[in-house]
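Asker: Sharing a model prediction with you, sequence too.
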Amino acid sequence: MAYFLKKTTNKKGLYLQIYESFYDPERGHTAHKSYKPIGYVHELQEKGIDDPVSYFKEEVNKLNQEFNIAKNSKRNRQISDESPEKLLGYFPLKNINDKLSVRKYIDLMQTATDFRFNVFDMMSSLVYARLVHPCSKSKTYDEVIPKLFDTYDFSLNQLYDGLEYIGCEYEKIIEIYNHQIHQLYHFDTSHTYFDCTNFYFEIDKEDDFRKKGPSKENRKEPIVGLGLLLDANQIPIGMKLFPGNESEKPVIRNIIDELKTRNSVSGRTIQIADKGLNCSENIFHAVKNGDGYIFSKSIKQLPETEKTWVLLPNDYRDVKNADGDVLYRIKECTDDFGYRIKDASTGRYRTFKLREKRIVTYNPKLAKKQIYEINKEIEKAKLLKASHAKKSEYGDCAKYVIFTAADKKGNDTDGKVKVTMNEELIKKSLELAGYNMLVTSELSMPDKDIYDAYHNLWRMEESFRIMKSQLDARPVYLQKEDTITGHFLICYLAVLLTRLLQFKILKNNYCSEDLFEFIRDFRVAKISDRKYINLTRGSTFIKEFSKLTNLPLTSYFLNKGEIEKMLSHRF
């Protein structure tokens, strides 16, 4: 950029203007524009300026000197508080979030508050920040949100206020997202996947929400439980938080009832869950509501007659891969099976019978793994027995020994404890290694389809793993229940947008690791007012994603217009 004095002669005389020249990247050459109009020479002389041309040439020289000083200062500038790096990997999730048009509904909700910041922008920035660099809320505010290419205007206190608000209204917000997703992509609730997990808090004292209970990580701190529901395409459609000391089993009934009511889901759905949620009440509830179920069942807890049927080699058939190797063996039977439930009004148990299909599989690889683990525990128990270890030292391997009080002659007394190996249990455990059972109401569904539907539960476990690992949802340092809920809503929305990208946009052609590698790695550095350099490492995914979107994701030099095009892209 440079300044010069432009002199134009017309009928009134000589007219002076100060012009600036600059490089126009769109035209590809230097352009000029008026910086300051001055006036006619004769009028300036009348005002007391004897030589206007020389006078304003001096002003132009001063402007050019000031510009050169600023330019050199900028060239030699030291480290500043503002990082030139900008995080851009969140842009596909922003594209989906914008396309869902959720903002207008969140804005309407906000009219009932006195907030002087935009709740949707605050919530979205936390979701994008959680995706690109998960960390504490204060660190997110200070270090991550400023690196997002979009700018957001709210204070840290407003962030916490907004987080508490969305936590209080999380069911409404999920309902809004579900409504908009259903309009664009359509949920498939022909069958739904459900599971629970829990998150620990590094506090000593319990409160009404954070309670001590059985932790998935075997932690001793208070925990909060979270139930997650996915549709048939593994898209999240609901979550429920509950105190850590409550049983997970009723949660499936509550969530499915609430979601069906809130989202006007009618018709029959098949609930798919693991053995931890398999109980008479859940099965009875599904049947009563006209729904179906596929649950796993512990073979060790079966009656002896059913265990005998499982171990009989009759009727098993091999399921092989393309190379002819046996993946697993499978057989089924259909019969009436009895269940007992407790009547809520009388407190008495009553029995009801259901016609259901039971499918048993035997997996040779699983059998090998389980036999190895069983033998390892048996050897540990034998070593502890030989060393006269205390009962508390046996841990998990205690199930393979029998503790009885005995005297020196071996007679049972109330004195010393005698330890013997539980040979009968060891034999049964080794016999049942590699076997699994599924129980289902779907009598007409082929056994392999039932097996495949159940084993898609790994997507559910992957969603929890994404929350806990990729999104760093634990440990949680927030204190208020609504703020904690707001934190998990942010994690839920991050998983939801990622799943929509993975399944609806990319048609499940890429794994979640590929997506998160791109989201975390795609970033640029600012080198001038409108120019950036791409710091991202090359990968197969980014090359193919660039072709799919027709965006210059692999270019080294990017201008501001190209980046804004990425942020406003529509799939």
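Answerer: Structure's in. What do you need? For clarity, every value in this text was computed on a predicted model and none was experimentally measured.
Asker: and Phe194, what helix or strand is that in?
Answerer: strand 191-200 (DSSP states H and E).
Asker: helices or strands up against that strand?
Answerer: Under the contact criterion of 3 or more Cβ pairs under 8 Å, 6 or more residues apart in numbering; DSSP states H and E, strand 191-200 touches strand 223-230, helix 249-262, strand 270-273, helix 457-465. Backbone N, C-alpha and C define where each C-beta goes, glycine included.
Asker: Give the buried residues for the last one.
Answerer: Read it as helix 457-465. For helix 457-465, a neighbour-count test (16 or more other Cβ atoms under 10 Å) marks Leu457, Arg459, Met460, Glu462, Ser463, Phe464 as buried.
Asker: Flag the shaky bits of the stretch 51-200 of the chain, pLDDT-wise.
Answerer: Counting by pLDDT under 70, the stretch 51-200 of the chain shows low-confidence ranges at 73-82.
Asker: Recalculate using a threshold of 80.
Answerer: Residues of the stretch 51-200 of the chain meeting the criterion pLDDT under 80: 70-83.
Asker: Helices along that one, start to end?
Answerer: 52-75, 91-99, 103-110, 119-132, 137-139, 156-168, 170-184 (DSSP state H, counting those that start in this stretch).
Asker: Take these and lay them out in CSV including mean neighbour count.
Answerer: Output for the helices of the stretch 51-200 of the chain, formatted as CSV (neighbours: other Cβ atoms under 10 Å):
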stretch, mean neighbour count
helix 52-75, 13
helix 91-99, 21
helix 103-110, 15
helix 119-132, 24
helix 137-139, 15
helix 156-168, 19
helix 170-184, 18
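Asker: I'd like these laid out as CSV, including distance to Ser387.
Answerer: Shown next, in CSV, are the helices of the stretch 51-200 of the chain (distance: least, Cβ to Cβ, whole Å):
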stretch, distance to Ser387
helix 52-75, 74
helix 91-99, 56
helix 103-110, 64
helix 119-132, 50
helix 137-139, 49
helix 156-168, 52
helix 170-184, 53
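Asker: Between those, which one is closest to Thr192.
Answerer: Among the helices of the stretch 51-200 of the chain, the nearest to Thr192 by Cβ to Cβ is helix 170-184 (12.8 Å).
Asker: what packs against the closest one?
Answerer: Using 3+ Cβ pairs under 8 Å, 6+ apart: helix 170-184 touches helix 103-110, strand 236-243, helix 249-262, helix 481-499.
Asker: Using PDB, write down the CA coordinates of it.
Answerer: Listed in PDB are the C-alpha atoms of helix 170-184, where the atom choice follows Å, rounded to 0.1, in the frame of the first residue of the first chain:
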ATOM      1  CA  TYR A 170     -31.500 -30.400  28.000                       C
ATOM      2  CA  GLU A 171     -34.600 -32.500  27.200                       C
ATOM      3  CA  LYS A 172     -36.100 -29.700  25.200                       C
ATOM      4  CA  ILE A 173     -32.800 -29.100  23.300                       C
ATOM      5  CA  ILE A 174     -32.500 -32.800  22.500                       C
ATOM      6  CA  GLU A 175     -36.200 -32.800  21.400                       C
ATOM      7  CA  ILE A 176     -35.500 -29.800  19.100                       C
ATOM      8  CA  TYR A 177     -32.400 -31.600  17.500                       C
ATOM      9  CA  ASN A 178     -34.500 -34.800  17.100                       C
ATOM     10  CA  HIS A 179     -37.300 -32.900  15.400                       C
ATOM     11  CA  GLN A 180     -34.900 -31.200  12.900                       C
ATOM     12  CA  ILE A 181     -32.900 -34.400  12.200                       C
ATOM     13  CA  HIS A 182     -36.100 -36.300  11.600                       C
ATOM     14  CA  GLN A 183     -37.000 -33.600   8.900                       C
ATOM     15  CA  LEU A 184     -33.700 -33.900   7.100                       C
END
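Asker: relative to helix 119-132, how tilted is that helix?
Answerer: When axes from the mean of the first three to the mean of the last three Cα atoms, to 10 degrees is applied, the directions of helix 170-184 and helix 119-132 differ by 80 degrees.
Asker: Contacts for helix 170-184, please.
Answerer: 99-102, 105-106, 109, 123, 166, 187, 235, 237-239, 258, 262-263, 485-486, 488-489, 492-493, 496, 500 (Cβ atoms under 8 Å, 6 or more residues apart in numbering).
Asker: if you compare the helices and strands packed on helix 170-184, which one is most tucked away?
Answerer: Mean neighbours per residue, mean count of other Cβ atoms under 10 Å, is largest over the helices and strands packed on helix 170-184 for helix 481-499, with a mean of 23.
Asker: What are the buried residues along the next helix or strand after that one?
Answerer: Counting by DSSP H and E, the next helix or strand C-terminal to helix 481-499 is helix 512-521. Going by neighbour count (16+ other Cβ under 10 Å), the buried part of helix 512-521 is Ser512, Asp514, Leu515, Phe516, Glu517, Phe518, Ile519, Arg520, Asp521.
Asker: how close does the fifth one get to Ser247?
Answerer: Translated: Glu517. Taking Cβ to Cβ, to the nearest Å as the measure, Glu517 falls 38 Å from Ser247.
Asker: what residues are up against the nearest residue to Leu230 once chain neighbours are set aside?
Answerer: Spatial nearest neighbour of Leu230, chain neighbours left out: Tyr193 (4.3 Å); criterion: Cβ to Cβ, 6 or more residues apart in numbering. Contact analysis of Tyr193 by Cβ under 8 Å, 6+ apart lists Leu229, Leu230, Asp231, Gln234, Ile272, Ala273, Asn456, Leu457, Arg459, Met460.
Asker: Tell me how many other residues surround the closest residue to the third one other than its chain neighbours.
Answerer: For Asp231, ignoring the flanking residues on the chain, the nearest one in space by Cβ to Cβ, 6+ apart is Phe187 at 4.7 Å. Using other Cβ atoms under 10 Å, the number of residues around Phe187 comes to 18.
Asker: got it, and Ile18?
Answerer: 18.
Asker: what do you get for the one 5 residues further on?
Answerer: Close neighbours of Tyr23, defined as other Cβ under 10 Å, add up to 11.
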